[in-house]
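[1] got a predicted model here, sequence first, then my questions.
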Number of protein chains: 2
Amino acid sequence: MVRWTKIGVIAGSGALPVRIAAACRARGHAFHVIRLAGLADASLDGLPGDDCAIGEVGKILRLLKAGGCDAVVFAGHVKRPDFRSLKVDWRGAALLPKLIAAGAKGDGPILNVLVETVEAEGMLVIGAEEVTNDLAALAGALGAIAPTDENRTDIKKAAAVIAALGGFDIGQGAVVANGLVLAVEAAEGTDAMLERCATLNAPARREARAGVLVKRPKPGQELRIDLPVIGPETVRQVVAAGLAGIAVEAGVALIIDRDEVVALADKAGIFVYGFEAAEMRAQ
Amino acid sequence: MVRWTKIGVIAGSGALPVRIAAACRARGHAFHVIRLAGLADASLDGLPGDDCAIGEVGKILRLLKAGGCDAVVFAGHVKRPDFRSLKVDWRGAALLPKLIAAGAKGDGPILNVLVETVEAEGMLVIGAEEVTNDLAALAGALGAIAPTDENRTDIKKAAAVIAALGGFDIGQGAVVANGLVLAVEAAEGTDAMLERCATLNAPARREARAGVLVKRPKPGQELRIDLPVIGPETVRQVVAAGLAGIAVEAGVALIIDRDEVVALADKAGIFVYGFEAAEMRAQ
């Protein structure tokens, strides 16, 4: 499915860049990893690529082009840096005013500037699921357990909360339990949100699991980068929080290590469900 | 301004019930405090009233009526109990199915059931600001410092986030810093939200204060109970989180210990601002 000469992988933290590099290797596709300092997983160290600081925009673009990349994937987490203390090269400095102005509107506009910058150099920015179709979430129940009607009501409410916040460029996650919105994700990220749900959802943990984590893209967001991701660690946290399951938007959300995700979910008795966007709009 | 024979104060946790009782006493108004077990402040112990468990609905109504109350104020925090393990008297048990059904829609519907229940007994539910007009937030800057244009942009965004979430009966608070939504309050409450902002807002703390806490009622909420409240502790937490100030909706949000709030804010160099709802809608 890959129709590019070489894929540049700009690697932030987490497992996604590792899985993308592995997918390239398994398929025999040439790739070049830009390991962002302090973020990229150590297991990427031996692979073809370079180490760069996040502010070295000129160096990153030069290395990707010199390496022969015609497509670029942004993968993994990158926390918004403090632009005032960020160390930048000449190209990074030239980009800073634009990034700071974009940043006042949210994370989305920052990502748009980065996509434009890469594409202005003649490379195409592609989504992770274009490299490997093992990642995109499928529709329906992924494991042995399906959401109940009560779970589906919670899923719809959480999906609607994320949709309602779309204009504000906030998070991609929300947790609803028995109709009550337990948590809305903003700058803290999914992990921290789930951590506090473990306390907030205490009654559920004593008796039966209740509530659902929903992750979906913000409405109108750039769908090639910053897609919602879940993985085995998400399942572990959802189990610890006493929730009944996880629902993600099928086709756009990414699932890392799907087999392990399903095995863990089945073992703990929680569901992992891919919903269609249209399903959330329907009554 | 009080035109009732005796005011019943149903006291949850926090300083608000204490201030309301003190205001009644200072004005020579008769009052009767229902001290909710495990919640009401110990300083309420010596005042005219009774100790009740949260599920003793019949007992609470009987005591308020026997005490001669014709008006009732709900004051202080009460966390949503676990209805399945809640100890209730006969009247509480009769109310439970209604409360559980309401709870599936959010906290607002639960409060509506409680208001109806009290008013069905011939007592009027009144707002805290009807007992004492020292509490309602005034419009404009309350202390020496006014929000900058940048702060005002953040205030508008946070106010719009809370408004957008109105239909979901979530929280009454949000934090926005330099255009970025740092945190949205849901079931965790304002204190826990501000606590995580101390980490999320780290860049601001290193250089200059940035960002604002906004508290306002949810759109369409019952305005006699569960109003947004700030007090000296809120100021301390906002200072610790590196924020530049606090904005609340004038006329409806309550400020406990206003003089102390202003003194603390002035000393720390943060603003406390009361905005009009119309101001948030305007361009």
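    Nice, I can see it. Numbering: from 1, shown residues only, chains lettered A, B, ... in the order given.
[2] now do A:D257: how many residues are near it, please.
    18 (other Cβ atoms under 10 Å in any protein chain shown). (Glycine included, C-beta is placed from N, CA and C.)
[3] and it, how far from chain B?
    Distance, A:D257 to chain B, by Cβ to the nearest Cβ, to the nearest Å: 28 Å.
[4] ok, A:G46 next?
    33 Å.
[5] part of a helix, is that residue?
    No. Under DSSP: H, G, I helix; E, B strand; the rest coil, A:G46 falls outside any helix and is assigned coil.
[6] surely A:V175 is in a helix?
    No. In this structure, A:V175 is strand, not part of a helix, as judged by three-state DSSP.
[7] which pLDDT value goes with it?
    For A:V175, the pLDDT comes out at 97.
[8] quickly list what it is bridged to.
    A:V175 has these beta-bridge partners by DSSP bridges: A:A183, A:L213.
[9] likewise A:A11?
    When assigned by DSSP bridges, A:A11 has beta-bridge partners A:R35, A:A75.
[10] next, the contact list for it, please.
    Contacts for A:A11 (Cβ atoms under 8 Å, 6 or more residues apart in numbering or on different chains) come out as A:P17, A:A21, A:V33, A:I34, A:R35, A:L36, A:L39, A:A40, A:D41, A:L44, A:A75, A:G76.
[11] on the three-state scheme, A:V272 is what?
    Three-state call for A:V272 (three-state DSSP): strand.
[12] what does the stretch 51-200 of chain A put close to chain B?
    When proximity is defined as Cβ under 8 Å from any Cβ of the partner chain, the stretch 51-200 of chain A approaches chain B at A:80, A:82, A:84-85, A:103-107, A:153, A:157, A:160-161, A:164-165, A:167-170, A:178-188, A:192, A:196, A:200.
[13] elements contacting the lengthiest helix in chain A?
    Assignment by DSSP state H gives helix A:149-164 as the longest helix of chain A. Helix A:149-164 sits against strand A:173-177, strand A:180-184, strand A:212-215, strand A:245-249, strand A:271-275, helix A:277-281, with contacts defined as 3 or more Cβ pairs under 8 Å, 6 or more residues apart in numbering or on different chains; DSSP states H and E.
[14] and B:L227, which of those is closest to it?
    Proximity to B:L227 (Cβ to Cβ) singles out strand A:180-184 among these, at 19.3 Å.
[15] pLDDT on that closest one, on average?
    Strand A:180-184 comes out at a mean pLDDT of 93.
[16] got the contact list for it?
    A:157-158, A:161, A:165, A:170-171, A:173-176, A:193-194, A:196-197, A:200-201, A:211, B:80, B:103-104, B:106-107, B:165, B:168-170, B:184-188.
[17] next one: stretch A:247-254
    A:16, A:128-129, A:135-140, A:147, A:155, A:158-159, A:212-217, A:223, A:227-230, A:255, A:271-277.
[18] residue ranges of the helices in chain A, please?
    A:16-27, A:57-66, A:90-103, A:107-119, A:128-131, A:149-164, A:189-200, A:202-206, A:232-240, A:258-268, A:277-281.
[19] quick one on the thing from earlier: list only buried entries from the contacts of stretch A:247-254.
    When burial is judged by neighbour count using 16 or more other Cβ atoms under 10 Å in any protein chain shown, the buried members of those are A:16, A:128-129, A:135-137, A:147, A:155, A:158-159, A:212-217, A:227-230, A:255, A:271-275.
[20] sorry, back to before: Throw the contacts of A:A11 into a markdown table and include neighbour count, thanks.
    As requested, the contacts of A:A11 are exported to a markdown table (neighbours: other Cβ atoms under 10 Å in any protein chain shown):
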| residue | neighbour count |
| --- | --- |
| A:P17 | 29 |
| A:A21 | 25 |
| A:V33 | 27 |
| A:I34 | 26 |
| A:R35 | 21 |
| A:L36 | 22 |
| A:L39 | 16 |
| A:A40 | 25 |
| A:D41 | 17 |
| A:L44 | 21 |
| A:A75 | 29 |
| A:G76 | 24 |
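[21] with distance to B:R3 and pLDDT added, can I get those residues in a markdown table?
    Converted to a markdown table, the contacts of A:A11 look like this (distance: Cβ to Cβ, whole Å; pLDDT from 0 to 100):
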| residue | distance to B:R3 | pLDDT |
| --- | --- | --- |
| A:P17 | 68 | 94 |
| A:A21 | 74 | 95 |
| A:V33 | 74 | 97 |
| A:I34 | 72 | 96 |
| A:R35 | 72 | 96 |
| A:L36 | 67 | 94 |
| A:L39 | 64 | 92 |
| A:A40 | 69 | 94 |
| A:D41 | 69 | 95 |
| A:L44 | 73 | 96 |
| A:A75 | 66 | 92 |
| A:G76 | 64 | 90 |
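[22] between those, which is closest to chain B?
    Nearest to chain B among the contacts of A:A11, counting by Cβ to the nearest Cβ, is A:L39 at 16.9 Å.
[23] for the closest one, which residues are in contact?
    Taking Cβ under 8 Å, 6+ apart as the test, what A:L39 contacts is A:A11, A:G12, A:S13, A:I54, A:G76, A:H77, A:V78.
[24] ok, now how distant is it from A:A53?
    Separation of A:L39 from A:A53 (Cβ to Cβ, to the nearest Å): 10 Å.
[25] next one: A:A163
    Separation of A:A163 from A:A53 (Cβ to Cβ): 36 Å.
[26] what do you get for A:K218?
    Going from A:K218 to A:A53 by Cβ to Cβ gives 28 Å.
[27] more crowded one of those two?
    Applying other Cβ under 10 Å to A:K218 and A:A53 shows that A:K218 carries more neighbours, namely 21 against 16.
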